[in-house]
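>>> Next input, structure requested:
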Amino acid sequence: MTTIGYVFWGLCAVLIGGSFWMQRKYRSSKPHKGDHQEFYEESAKLDYNSPRNDSSFL
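The predicted structure is shown next:
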């Protein structure tokens, strides 16, 4: 393998290893949701699945 090949594959290995390291170091956590936000999300889900939103009656 030539020097360019070693540089190319070395750079690929460093980028892949660096991306795994960054993902592990700066792992994001679940966003904090307030009580009001959870309530409105659940009510929106229930309202969306409501039979009155069924378009088969049109």
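
>>> His32 and Glu38: what is the separation?
11 Å (C-beta to C-beta, to the nearest Å). For the C-beta atoms, the positions are set from N, CA and C on the backbone; glycine is no exception.

>>> So Pro31, which state does it fall into?
Counting by DSSP: H, G, I helix; E, B strand; the rest coil, the backbone at Pro31 sits in coil.

>>> Grab the most central residue of the chain for me.
With distances taken as C-alpha atoms, centre = their mean, Ser28 lies nearest the centre of the chain, 9.7 Å away.

>>> Find the helix or strand that that one is a member of.
Under the criterion DSSP states H and E, no helix or strand holds Ser28.

>>> list the buried ones in the helix or strand containing His36?
According to DSSP H and E, His36 maps onto helix 35-48. For helix 35-48, burial by neighbour count (16 or more other C-beta atoms under 10 Å) applies to no residue.

>>> From here on, call the first residue 6.
Okay, residue one is now 6; in that scheme the one you just asked about reads as helix 40-53.

>>> that older thread, which residues does the residue nearest to the centre of the chain contact?
If you count contacts by C-beta atoms under 8 Å, 6 or more residues apart in numbering, Ser33 has none.

>>> hey, which helix or strand in the chain has the poorest pLDDT?
Lowest on mean pLDDT, DSSP states H and E among the helices and strands of the chain sits helix 40-53, with a mean of 80.
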